[in-house]
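In: Here is a sequence with its predicted model. Questions after.
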Amino acid sequence: MASRAGRAPGVTIGDVATAAQVSRSTVSRAFTRPQLLSQETVKHVRAVAMRLGYVGNQAARALSTGRFGNIAVVVPDIANPFFPPLVRSLQLAAETADLAVFLGDSDESAEREAKLIARLAPQVEGFVLASPRLSEKLIRELAATRPTVLVNRDLDGIPRVLIDSSGGMTEAVLLLKKLGHQRLAYLAGPRDSWSDQQRREALTQTSAKAGLTVEIVEVGRPTYAAGRDSVSAVVRSGATAAIAFDDVVSQGVLAGLEVRGISVPTDFSLVGCDDTLAALTTPALTSVSAGAATAGTAAAKLLVNLLEAVEPSADCVTIATHLVTRATTAAAPKSTF
């Protein structure tokens, strides 16, 4: 019968190495870093270990090596549909490296994000910070002490995955211009969001070159209610089309417009961002793609490489975006409401 330590009495890593005719380090890697070995070797070592009643003890290993086999991902709002596919793909990629993933939700608060990181740090080997709200100073302090990868935050010297919104936003503006819209509204996200900063810049620059007017409507935290409540400001702006920070805000805008009797797209055109809910709305929402799942996989790979690397890395992975045209964009109305 196995002992409380997780192995048969007296069975050691050396016993497994002798029986499997491999080194002790190979046995250790078969349990802790299987990606460094061939699949055949991992299967062979684990089969011998199982026959002998030996199971790698994660807790004991952590005490002796400081390697917990855990990483953490911190997001600003897990209820936002952009983040679940990112977390899921990150977890799948991490599992191939025998890493477990802890999840933290900062609730759009830099203070809470800092507290989560402080509490998770003793239990994890590295962090993925997705759309972090922390100051650059605090992020750099963390990266100096613990392997850290950023998603949608561009800080030189820190490995990061950036979803480049400029391509999709440019396509959205040019589509609306082609449809005859002259005045647009942008329903902006949190000011400390790197993604929002990139989207504002791409939108305003492209609109200026296209000769279009843009009204910025500050939404703040991107929620359904915020999008619905912003409709009054959108109507007052005189815009005939809007681009929202994300699809959640767009859903709220659709609801607010419907209450006012404004038909989409006959009376008003709407474009979302992230393409997470777009196909589920009525009418189906035109939206800028985001590649959340791709970003999650890339972030996990960067962190695994960082954990294994002898020399520090500052790789940057950029994911392009494009416009997915559906049923919420049409020719500009002949008169405003």
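Out: Cool, got the structure.
In: Next, give phi and psi for residue 216.
Out: phi -90, psi 120 (degrees, to the nearest 10).
In: For it, list each beta-bridge partner.
Out: residue 186 (DSSP bridges).
In: would residue 127 count as being in a helix?
Out: No - under DSSP: H, G, I helix; E, B strand; the rest coil, residue 127 sits outside any helix and is assigned strand.
In: who touches the residue lying closest to residue 289 once chain neighbours are set aside in this structure?
Out: Counting by CB to CB, 6 or more residues apart in numbering, residue 289 lies nearest to residue 275, which is 4.6 Å off, once chain neighbours are set aside. Glycine gets a C-beta too; all of them are placed from N, C-alpha and C. By CB atoms under 8 Å, 6 or more residues apart in numbering, the contact set of residue 275 is 247, 287-290, 324.
In: Which one of the residues you listed is nearest to residue 155?
Out: residue 290 (20.2 Å; CB to CB).
In: pretty sure the closest one is touching residue 321, no?
Out: Yes - if you go by CB atoms under 8 Å, residue 290 and residue 321 touch, sitting 6.4 Å apart.
In: any residues in contact with both of those two?
Out: residue 163.
In: Would you map the helices across the stretch 51-200 of the chain?
Out: 58-65, 83-95, 110-120, 136-145, 166-178, 194-210 (DSSP state H, counting those that start in this stretch).
In: quick one: least confident helix or strand in this structure?
Out: Least confident helix or strand, the chain: helix 58-65 with a mean of 52, by mean pLDDT, DSSP states H and E.
In: which residues of the chain score low on pLDDT?
Out: 1-10, 55-67, 310-312, 337 (pLDDT under 70).
In: can you do 80?
Out: Counting by pLDDT under 80, the chain shows low-confidence ranges at 1-13, 28, 31-35, 53-68, 309-314, 335-337.
In: what are the ranges of the strands in it?
Out: In the chain, the strands defined using DSSP state E lie at 70-75, 100-105, 126-130, 148-151, 160-164, 183-188, 213-218, 241-244, 269-274, 286-289, 316-320, 323-324.
In: so can I have CSV of the ones you listed showing distance to residue 207 and mean neighbour count?
Out: Compiled in CSV, these are given as follows (distance: least, CB to CB, whole Å; neighbours: other CB atoms under 10 Å):
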stretch, distance to residue 207, mean neighbour count
strand 70-75, 30, 24
strand 100-105, 34, 17
strand 126-130, 28, 26
strand 148-151, 27, 27
strand 160-164, 18, 23
strand 183-188, 6, 24
strand 213-218, 5, 16
strand 241-244, 10, 30
strand 269-274, 13, 30
strand 286-289, 15, 27
strand 316-320, 20, 15
strand 323-324, 15, 20
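In: what would these look like in CSV with distance to residue 117?
Out: Formatted as CSV, the strands of the chain follow (distance: least, CB to CB, whole Å):
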stretch, distance to residue 117
strand 70-75, 7
strand 100-105, 8
strand 126-130, 7
strand 148-151, 9
strand 160-164, 17
strand 183-188, 27
strand 213-218, 28
strand 241-244, 30
strand 269-274, 25
strand 286-289, 30
strand 316-320, 22
strand 323-324, 35
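In: between these, which gets nearest to residue 174?
Out: Of all those, strand 323-324 comes closest under CB to CB, at 8.8 Å.
In: Provide the strand pairings for that closest one, with the direction of each partner.
Out: With DSSP bridges as the test, strand 323-324 pairs up with strand 286-289 (antiparallel).
In: Relative to the whole chain's centre, how far out is the strand it pairs with?
Out: Strand 286-289 sits 17 Å away from the centroid of its parent chain (CA atoms, centre = their mean, to the nearest Å).
In: Only C-alpha atoms, please: export it in CSV.
Out: Only the C-alpha atoms of strand 286-289 are listed here, as CSV (Å, rounded to 0.1, in the frame of the first residue of the first chain):
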residue,chain,number,x,y,z
THR,A,286,-20.0,43.2,-37.6
SER,A,287,-16.8,42.9,-35.4
VAL,A,288,-13.1,43.2,-35.4
SER,A,289,-11.5,39.8,-34.8
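In: Give me the contacts around that strand.
Out: Contacts for strand 286-289 (CB under 8 Å, 6+ apart): 165, 168-169, 171-172, 175, 247, 250, 269-275, 278, 321-329.
In: The same query, at a cut-off of 7 Å, please.
Out: 165, 168-169, 172, 247, 271-275, 278, 321-326, 328-329 (CB atoms under 7 Å, 6 or more residues apart in numbering).
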